[in-house]
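K.L.:
Next comes the sequence, and after it the predicted model I'd like to discuss.
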Amino acid sequence: MTKQDKPEAEQQGAALTPGAIATMRELGYSAQQIEAERRNGERIKAAGGFSKYVRKAEAARLFSEATGLKSEPEHMDAKEHPSRAALLAQVAGDEAAASPPTWWAYLFSLELAERNGWDDVGLRAAAEATFMRTLEAKADTLPLLQAPSLEPWPHPLELPPRWREGLFMRKTDLRTWAKEHAPQWLGSALLAEPAQKSAPAGEAATIAGPGTAAPEWQAKAREIAQAHWEKHKAMNLQGTLQSYAEHVAKELRSLKITGPRGEWLSAGTIKREALQGAQWWGKRTL
């Protein structure tokens, strides 16, 4: 059955209407299949529609893998599965963050993939395995906490079989641990010391890596955008402000130019602080 043949209620992720059920019977659906579709429709409706259900299902999968606890999509908040950059920014800016060792290993590998522009899932997975091996090799020293009490794990006791997923570490404790046992991790934005002055909302560091902090990065951003604009103008083309911001973000990263706190600059930050309005976009000569 094609998408066009499916009942409208099913396509929209709504609970099945009597008309939809009648159509399904005509198409040969069994009573069990109709009931399964009805339940699925109810779950999708409860999640807020099909697209939100997909995002929540992925969030539930990641949560289950990280904690070892089963979660259903309708119980998840869609914003719990942001983009890679948003997820890293969220953790980098949250001093209260606490996760199981497996999730920390995943986050560190994700940051490394973002920093190096890896699209290969295999490379990221290999990096995750190396981070996990470091944690496993020094498991007896890790600042592990027990859920839900958050009592420290008494290290003279043998670790439980699922300690990698079932025990947790606070970001602040992991940072302290890394200073002694994994100093190479301290270059990560995920473990960066909080700035003396709070950064504006939405500007938490997303990727730590070798770069040159540029207090006047805005001028370089406008220079790159102008050159790109001139090329387009010569070909009688014109991109959007967002497309120019994305191009500039890639160029700044390739030049190892970061923001004043050492973070790679996102297209949103570049657009807001260097390109929009009278800063550059409104000054172009068409």
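P.N.:
Thanks, I have it.
K.L.:
any idea how far Pro154 is from Glu35?
P.N.:
The spacing between Pro154 and Glu35, counted by CB to CB, to the nearest Å, is 50 Å. (Each C-beta comes from the backbone N, C-alpha and C, glycine too.)
K.L.:
got a list of what Ala227 touches?
P.N.:
By CB atoms under 8 Å, 6 or more residues apart in numbering, the contact set of Ala227 is empty.
K.L.:
Which stretches in the stretch 1-150 of the chain count as helices?
P.N.:
Using DSSP state H, counting those that start in this stretch, the helices assigned to the stretch 1-150 of the chain run over residues 8-12, 18-26, 31-47, 50-67, 84-92, 101-116, 121-137.
K.L.:
ok, the nearest residue to Gln218 once chain neighbours are set aside to Ser266 distance?
P.N.:
Excluding the flanking residues, the one nearest Gln218 by CB to CB, 6 or more residues apart in numbering is Ala274, at 3.9 Å. Using CB to CB, Ala274 is found at 12 Å from Ser266.
K.L.:
so Ile34 makes contact with Leu27?
P.N.:
No. With contact defined as CB atoms under 8 Å, Ile34 does not reach Leu27; the gap is 10.1 Å.
K.L.:
Counting neighbours, go ahead and name the busier of the two.
P.N.:
It is Ile34, of Ile34 and Leu27, that has more neighbours when counted by other CB atoms under 10 Å, with 15 against 12.
K.L.:
pLDDT at Ala278, what is it?
P.N.:
pLDDT, Ala278: 81.
K.L.:
Likewise for the one 3 residues further on?
P.N.:
The model reports Trp281 with a pLDDT of 85.
K.L.:
now do Leu186
P.N.:
At Leu186, pLDDT is 88.
K.L.:
ditto for Ala214
P.N.:
As predicted, Ala214 sits at a pLDDT of 44.
K.L.:
one step back: any idea which of the helices of the stretch 1-150 of the chain is most buried?
P.N.:
Among these, ranked by average contacts under mean count of other CB atoms under 10 Å, first place goes to helix 101-116 (a mean of 22).
K.L.:
which helices and strands does that helix pack with?
P.N.:
Helices and strands touching helix 101-116, by 3 or more CB pairs under 8 Å, 6 or more residues apart in numbering; DSSP states H and E, are helix 50-67, helix 84-92, helix 121-137, helix 163-166, strand 167-170.
K.L.:
Neighbour count for Ala274 and Ser266, which is higher?
P.N.:
Higher neighbour count among Ala274 and Ser266: Ala274, with 23 against 20, using other CB under 10 Å.
K.L.:
Who are the contact partners of that one?
P.N.:
Neighbour list for Ala274: Trp217, Gln218, Ala221, Arg222, Ala225, Val248, Trp280 [criterion: CB under 8 Å, 6+ apart].
K.L.:
what about the residue lying closest to the last one once chain neighbours are set aside, neighbour count?
P.N.:
The spatially closest residue to Trp280, leaving aside those adjacent along the chain, is Arg222, at 4.7 Å (CB to CB, 6+ apart). Arg222 is flanked by 20 other residues according to other CB under 10 Å.
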